[in-house]
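Participant: My questions are about this predicted structure, shown below with the sequence.
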Amino acid sequence: MTSFSANLGFLWTDRSLADAIHAAAKAGFDAVECHWPYDEDAGDVKAALAATGLSMLGLNAPRGDGTLGENGLAALAGREDAARDSIDAALDYADAIDAGNIHVLSGFASGEAAEACFIENLRYATTAAAVRGRSILIEPLNQYDAPGYFLNHTDQARRIIEAVGAANLKLMFDCYHIQILEGDLTRRIDANLDITGHIQFAGVPSRGRPDLGEVNYAHIFAHLAASGYDAPLGAEYKPEGGDTAASLGWMSHLR
């Protein structure tokens, strides 16, 4: 049976993170994950995880200056100090709530200098994370939701992962983004499962619930199971009208 993680960056956003964790448990999710929890009291989050028995699979490192539209710092040459402060803050929060993975966002950049910067910041991140028993994830984002985002292809992600050479650096394979970026989703999964640390999904192209749109997730999830992948899959979609509870009908028939 397929297991699912609720991404609380998009689900139950009308509640505190602690209350959203309880809602996810009540709805039958097997784990949770989040985006930027830093304004939430880590003690309350940890208590909710303990009360529900859910694990927090991961969180995003701070993205930078939101007023400037920043979406990550790690590939921004000249911003290395800020990028590493962001990584440290994420690791500290992950320690407080025992989150296993840190997603380090590349940000908007291009070129060889950006790649070199990203690689060096990821070496810093993986070294710091390894001491704490945690992993680092990187995720290609599509050109419609994040135009100009540095990391935008699985081949590029593999090249960077291999250049860093750390066992605790993995790909976050978001089926929504990869379908838009590359298509051929089943073969893309097969080609990258060896470097994949977490898988997410949403309906394409709307980023709505997964039983709508062009991707047959029943096939995708069955293929993953047949391939031996048994970790919780991250439901990172935007419920229509913001009503999470009303959007959950997909869970029963996609398990």
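Facilitator: Sure thing, it's come through. Numbering: from 1, shown residues only.
Participant: What are the boundaries of the strands in this protein?
Facilitator: Secondary structure of the chain (DSSP state E): strands located at 4-7, 31-33, 58-60, 101-103, 135-138, 169-174, 196-201, 233-235.
Participant: Would you format these as JSON lines with mean pLDDT and distance to Ala89 included?
Facilitator: Glycine gets a C-beta too; all of them are placed from N, C-alpha and C. Formatted as JSON lines, the strands of the chain follow (pLDDT from 0 to 100; distance: least, C-beta to C-beta, whole Å):
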{"stretch": "strand 4-7", "mean pLDDT": "98", "distance to Ala89": "20"}
{"stretch": "strand 31-33", "mean pLDDT": "98", "distance to Ala89": "17"}
{"stretch": "strand 58-60", "mean pLDDT": "98", "distance to Ala89": "10"}
{"stretch": "strand 101-103", "mean pLDDT": "98", "distance to Ala89": "10"}
{"stretch": "strand 135-138", "mean pLDDT": "99", "distance to Ala89": "14"}
{"stretch": "strand 169-174", "mean pLDDT": "98", "distance to Ala89": "19"}
{"stretch": "strand 196-201", "mean pLDDT": "98", "distance to Ala89": "20"}
{"stretch": "strand 233-235", "mean pLDDT": "98", "distance to Ala89": "22"}
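Participant: can I assume Tyr93 is in contact with Ala42?
Facilitator: Yes: if you go by C-beta atoms under 8 Å, Tyr93 and Ala42 touch, sitting 6.1 Å apart.
Participant: overlap in contacts of these two?
Facilitator: Shared contacts of Tyr93 and Ala42, defined by C-beta atoms under 8 Å, 6 or more residues apart in numbering, are absent.
Participant: Which of these two has more residues huddled nearby?
Facilitator: Tyr93 (22 against 16; other C-beta atoms under 10 Å).
Participant: Count the neighbours of the closest residue to Arg84 other than its chain neighbours for me.
Facilitator: Excluding the flanking residues, the one nearest Arg84 by C-beta to C-beta, 6 or more residues apart in numbering is Tyr124, at 5.6 Å. Tyr124 has 19 neighbouring residues, counting by other C-beta under 10 Å.
Participant: do the same with Gly53
Facilitator: 9.
Participant: Double-check it against Ala25; I have them as touching.
Facilitator: Yes: in this structure, Gly53 is within contact of Ala25 by C-beta under 8 Å, at 7.3 Å.
Participant: circling back to that earlier point, for Ala129, which of the strands of the chain is the nearest?
Facilitator: Nearest to Ala129, of all the strands of the chain, is strand 135-138, at 5.3 Å by C-beta to C-beta.
Participant: That's all I had, so thanks and see you.
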